[in-house]
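> Sequence plus the predicted model coming up.
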Amino acid sequence: MSNNIRYLNEQKIASHDTKRKVQIVIALIFGSFNLFGFVSFIIEKDPGGVALFGILLLPFAYLFWCGINTGILIESARRYETVFGGDRDGFVTVEELSTMFGKPGYKLMAELEKLFRRGYFQNCTLQQGGHPGVVIYDAPIGENGVGFIEVKCPNCGGINRIRSGSHSKCTFCGGPVSGQ
């Protein structure tokens, strides 16, 4: 694994971003023709044509909305990834996210559920019981900066959970510990 892989599933993000762009282009091209027909029949005061082009316009409006919504979700996933990458203890609570983003917890959980369901994240999972939040997995072997490892303090022998590849202080004695 490379050091660039963090918590976003870049393959899934890239495919959904391409799909989003195609949806928007198709919706704009065909939707604009339908909108032109719709307006033309309004000017001519033909109720049958207005109804027909109004109905034909709906699928393209929906396709455009889906493309915009997917783009919003991708940007949200990128924002969350920066938070997951900077976490110190391997568990990001909904309360922490709520404070950072200024949104109520129930909205954040709904958004996170949608993002995890679409497969936008890797190396972490969504915990919904007890204390809801995001649990960051242990680091894969040889991976720095992604996930957490348990290290033994050389001074007191206490076990500390720190981010792989980082340096920290022992939670028991304050001595230096390294996640190498």
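Arrived safely.

> domain assignment for this structure?
The record's domain parsing of the chain by automatic domain parsing lists 10-136, 148-178.

> mean pLDDT lowest for which of those?
Lowest mean pLDDT within the domains of the chain: domain 148-178, a mean of 81.

> Give me the buried stretch members for it, please.
For domain 148-178, burial by neighbour count (16 or more other C-beta atoms under 10 Å) applies to 148-149, 151, 153, 160-165, 170, 177. Where you see a C-beta, it was placed from the backbone N, CA and C, and this is true even at glycine.

> What residues sit buried inside the helix or strand containing residue 31?
If you go by DSSP states H and E, residue 31 is part of helix 10-44. For helix 10-44, a neighbour-count test (16+ other C-beta under 10 Å) marks 12-13, 16, 20, 23-24, 27, 31, 34-35, 37-38, 41 as buried.

> quick one: the helix or strand following it to helix 10-44, angle?
Next along the chain after helix 10-44, taking DSSP H and E as the criterion, comes helix 47-85. Interaxial angle, helix 47-85 versus helix 10-44 (axes from the mean of the first three to the mean of the last three C-alpha atoms, to 10 degrees): 160 degrees.

> Apart from its chain neighbours, what residue comes closest to the spatially most central residue of the chain?
Central residue of the chain (C-alpha atoms, centre = their mean): residue 77, 1.9 Å from the mean position. Counting by C-beta to C-beta, 6 or more residues apart in numbering, residue 120 is the residue found nearest to residue 77 once chain neighbours are left out, at 4.2 Å.

> Give me the distance between that neighbour and residue 9.
The spacing between residue 120 and residue 9, counted by C-beta to C-beta, to the nearest Å, is 6 Å.

> who's in contact with the helix or strand harbouring residue 160?
Using DSSP H and E, residue 160 sits within strand 159-163. With C-beta atoms under 8 Å, 6 or more residues apart in numbering as the test, strand 159-163 has contacts from 87-90, 139, 145, 147-153, 168, 170-172, 177, 179.
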